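Asker: Sequence first, then the predicted structure, then my questions.
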Amino acid sequence: MEWETVIGLEVHAQLKTASKIFSRAPTAYGAPPNTQANEVDVALPGVLPVLNAEAVRMAVRFGLAIDAVINERSVFARKNYFYPDLPKGYQISQYEHPIVARGRLTITTDQGEKVIGITRAHLEEDAGKSLHEDWEGLTAIDLNRAGTPLLEIVSEPDMRTSAEAVAYLKALHTLVRYLDVCDGNMQEGSFRCDANVSIRPRGETRFGTRTELKNINSFRFVERAIDYEVRRQIALVSSGGEVRQETRLYDSVRDETRPMRSKEEANDYRYFPDPDLPPLIVTRAWLDERRKEMPELPDAKRERFVGQYGLPVYDASLLTASRELADYYEDTVKAAGGDPKPVANWVAGELLAHLNADGLDITESRVSPQALAGLLRRVQDHTISGKIAKDVFEAMWAGEGEADAIIVKRGLQQITDDSAIEALVAQVIAANEKQVAQYRSGEERVFTFFVGQVMKASRGKANPARVNAVLKRLLSA
């Protein structure tokens, strides 16, 4: 039997607010345990939540970016469950009336473009964190995360492969960073994914029983977890078993999923409107103001890079993968002047290679856009060759200074004077009579040998174009 996979993703994006969603406690990562939880977060008797307006702005900004419906009236509810890291005994979330509904996101895979529906995006607070590692037989509770603002983004079950799921997750990750509503740091837990996975016979329209894979924190693990779970479900059903509706954890070391708990239904949480929070009302005038604040989105920026800079779609897609990388490219183009394509080649080539090798983000680049532009100007005016420019870039990356200083210090100025190049060419011709005879008898491929010898004699400093011209003239004499 042929099986079809059905995948939906629930993503928790931590909003980049300075304080929590219902209190003034800070949200900075890495603080000592329980130092960023105030009276509201620990649920002392008599405290009342106050909604963070910036969290609302960020949620609406996301909704506008995915062409969603922004509900003029949304309601906060209490989601009741009893975990040690949930001081109130309930989580404040949105249930029947979320702030964002019915959006969409276009993804690109090897099979082309596909539109993934987004059912809803709702505001809620995060829980605390249970710590098990340092206390044998005991559990410690850190409430620093309690009350941190989250936007839970729930997709439609529109994905059919793990590759599509990863493409959707990456597109969503790029978008929330472009919007500056989430830093997207998966290692710190500010961008977390739960995957709902089921199988059904190909051609069947009813959904199979789904399992939820909880809190996966990397793109690679999302793909591996889904692939394993699909294989597990197919093997189980094919052998006469039944898939249980449950929550499962992915073990990246063993590359397998294992049961965590039975999957709850909505009525298990006994949702009801929070009596301490009035309905959230978004007026049309306020929404119009938010529209004016929207930044250029990834798809629009990519299309602009193709049109404005004459870049291939692939280059434009690579350079707009993050807003910071796109800004770096445009700052370099502005500072360098001239043809923007060589700038794209350098940013996508040497720069990204060095960043990846050192595990750095573009914001941590050791060469600024202005410094890279200075190097490229020396290539454009033929002070140095492209090959030598790579050595200069290496020195710049190592902290040796700006391009001009390195070029002077190392004596790397390109030889462009025809008389000097002629002298080098004459020496090479005189030392290689056999190859001269071969060239003059019609073996033109020998020409590259002469170019290499002249460049070697000049220690790479001779202008390649002038070398080619002088060689052709003297070899033909």
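Answerer: Arrived safely. Nothing here was measured: the structure is a model prediction, and the numbers come from that model. Numbering: from 1, shown residues only.

Asker: rest of the way, CA atoms for contacts and neighbours
Answerer: Noted.

Asker: tell me the helices in the stretch 351-477 of the chain, going along the chain?
Answerer: 352-358, 369-380, 386-397, 403-410, 418-431, 433-440, 447-457, 464-475 (DSSP state H, counting those that start in this stretch).

Asker: okay, those, which one's buried deepest?
Answerer: For those, the stretch with the most neighbours on average is helix 369-380, a mean of 20; neighbours defined as mean count of other Cα atoms under 10 Å.

Asker: Poorly predicted segments of this protein, please.
Answerer: 263-266, 414-416, 477 (pLDDT under 70).

Asker: mind checking the longest strand of it?
Answerer: strand 112-125 (DSSP state E).

Asker: Give the buried residues for that one.
Answerer: Buried positions in strand 112-125, judged by neighbour count with 16 or more other Cα atoms under 10 Å: 116-125.

Asker: Stretch 441-448 too?
Answerer: Neighbour counts over stretch 441-448 (16+ other Cα under 10 Å) mark Phe447 as buried.

Asker: tell me how far the ends of it are from each other?
Answerer: The first residue of stretch 441-448 is 15 Å away from its last residue (Cα to Cα, to the nearest Å).

Asker: any idea which of the buried residues of strand 112-125 is closest to Ala316?
Answerer: Within the buried residues of strand 112-125, proximity to Ala316 (Cα to Cα) peaks at Ile116, which comes in at 22.6 Å.

Asker: For Ala165, which residues are in contact?
Answerer: Neighbour list for Ala165: 7-9, 159, 222-223 [criterion: Cα atoms under 8 Å, 6 or more residues apart in numbering].

Asker: Redo these as CSV? Include distance to Glu443 and secondary structure.
Answerer: As requested, the contacts of Ala165 are exported to CSV (distance: Cα to Cα, whole Å; DSSP: H, G, I helix; E, B strand; the rest coil):
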residue, distance to Glu443, secondary structure
Ile7, 61, strand
Gly8, 63, strand
Leu9, 62, strand
Met159, 58, strand
Val222, 56, helix
Glu223, 53, helix
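
Asker: quick one: Val222 and Phe207, what's the gap?
Answerer: 21 Å.

Asker: helix, strand or coil for the residue most central in space within the chain?
Answerer: Residue closest to the average C-alpha location in the chain (Cα atoms, centre = their mean): Thr174, at 4.9 Å. Secondary structure for Thr174, judged by DSSP: H, G, I helix; E, B strand; the rest coil, is helix.

Asker: neighbours around Asn267, how many?
Answerer: Here the number of neighbours of Asn267 (other Cα atoms under 10 Å) works out to 9.

Asker: Would you convert the contacts of Ala165 into CSV that also reports distance to Ile429 and neighbour count?
Answerer: As requested, the contacts of Ala165 are exported to CSV (distance: Cα to Cα, whole Å; neighbours: other Cα atoms under 10 Å):
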residue, distance to Ile429, neighbour count
Ile7, 68, 25
Gly8, 69, 23
Leu9, 68, 24
Met159, 65, 23
Val222, 61, 23
Glu223, 59, 19
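
Asker: Among the residues you listed, which one lies nearest to Asp327?
Answerer: Distances from Asp327 to the contacts of Ala165, taken by Cα to Cα, are shortest for Val222, at 29.2 Å.

Asker: list the contacts for the closest one?
Answerer: So Val222 contacts 162, 165-166, 193, 195, 216 (Cα under 8 Å, 6+ apart).

Asker: Likewise for Met58?
Answerer: Met58 makes contact with 15, 181, according to Cα under 8 Å, 6+ apart.

Asker: any idea how far the residue nearest to Asn71 when sequence neighbours are not counted is from Pro275?
Answerer: Spatial nearest neighbour of Asn71, excluding adjacent residues (Cα to Cα, 6 or more residues apart in numbering): Ile99 at 5.2 Å. Relative to Pro275, Ile99 is positioned 18 Å away (Cα to Cα).

Asker: higher neighbour count, the two?
Answerer: Shown here are Ile99 and Pro275; by other Cα under 10 Å, Ile99 has more neighbours (27 against 10).

Asker: and that one, what does it touch?
Answerer: Ile99 touches 59-60, 70-75, 121-123, counting by Cα under 8 Å, 6+ apart.

Asker: how does it look with 7 Å?
Answerer: When contacts are counted by Cα atoms under 7 Å, 6 or more residues apart in numbering, Ile99 is found next to 70-71, 74, 121-122.

Asker: And those, which is closest to Gly399?
Answerer: Closest to Gly399, out of all of the contacts of Ile99 and judged by Cα to Cα, is Ala121, at 45.1 Å.

Asker: Surely the closest one is in contact with Val154?
Answerer: Yes. Between Ala121 and Val154 there is a contact under Cα atoms under 7 Å: 6.2 Å.

Asker: Return the member of the contacts of Ile99 nearest to Val367.
Answerer: Set against Val367, the nearest of these by Cα to Cα is Ala121 (38.7 Å).

Asker: Show the contacting residues for that closest one.
Answerer: Applying Cα under 7 Å, 6+ apart, we find Ala121 in contact with 98-101, 151-154.

Asker: Against Met58, how distant is it?
Answerer: Taking Cα to Cα, one finds Ala121 at 11 Å from Met58.

Asker: And the strands in the stretch 151-300 of the chain?
Answerer: Here the stretch 151-300 of the chain has its strands, by DSSP state E, counting those that start in this stretch, at 191-201, 211-216, 246-251, 256-262, 272-273, 280-281.

Asker: give me every residue that touches Asn185.
Answerer: Contacts of Asn185 by Cα under 7 Å, 6+ apart are Phe191.

Asker: hang on, I meant Leu138
Answerer: With Cα under 7 Å, 6+ apart, Leu138 has these contacts: His132.
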